[in-house]
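Trainee: Give me coordinates for this.
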Amino acid sequence: FIWDTLEHAWIEKFNQLRAFKAQNGHCNVPRNDEQNRSLGKWVSEQRSSYKKKALDSDCIQQLNSTDINWHLCYHSWNEKFNQLCAFKAQNGHSNVSTHDTRNKSLGSWVSQQRMFYKKNALSSDRIQQLNSIGFIWDPLEHAWNEKFNQ
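Mentor: As a prediction, this is how the structure comes out:
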């Protein structure tokens, strides 16, 4: 007999998360994944509760044991930044076009960073990181200067 159905449901989802990690190597369960939709929603709810400081310390400890990424947006930003670094190493520049079909997602991310920068919505740490690889904040101005200096 199960005394605490909520605790039982939590443990069940936690075990599903451990199985997901064993299979995928991470705990970033997509919410739009047909097979894991309810698990993705559950993980999202755990992150939300954690941010609101409404998650039980035992739950936090158990989730920490899986190396869960509490701040997914930081993780995905760093992932894209690393992709940009690899792109630059391969192509000699960091000016990824949104029309580049092989790098469409990265091109959109680059465009988004420029927009955030113009709106003063990009942290100084991120600006510094992007500057460190010679990020081009204004491609039109950069192209004009290149032509002018020839």
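Trainee: quick one: the strands in this structure?
Mentor: In the chain, no strands are defined using DSSP state E.
Trainee: Below-threshold pLDDT in it: ranges please.
Mentor: Residue ranges of the chain with pLDDT under 70: 1-3, 73-75.
Trainee: can you give me the helices for it?
Mentor: 5-24, 37-51, 57-64, 72-91, 104-118, 124-132, 139-148 (DSSP state H).
Trainee: Could you provide these in JSON lines, with additional columns for mean neighbour count and distance to R31?
Mentor: In short, each C-beta sits where N, CA and C put it, glycine included. Formatted as JSON lines, the helices of the chain follow (neighbours: other Cβ atoms under 10 Å; distance: least, Cβ to Cβ, whole Å):
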{"stretch": "helix 5-24", "mean neighbour count": "13", "distance to R31": "13"}
{"stretch": "helix 37-51", "mean neighbour count": "16", "distance to R31": "4"}
{"stretch": "helix 57-64", "mean neighbour count": "13", "distance to R31": "17"}
{"stretch": "helix 72-91", "mean neighbour count": "14", "distance to R31": "11"}
{"stretch": "helix 104-118", "mean neighbour count": "16", "distance to R31": "18"}
{"stretch": "helix 124-132", "mean neighbour count": "12", "distance to R31": "25"}
{"stretch": "helix 139-148", "mean neighbour count": "10", "distance to R31": "33"}
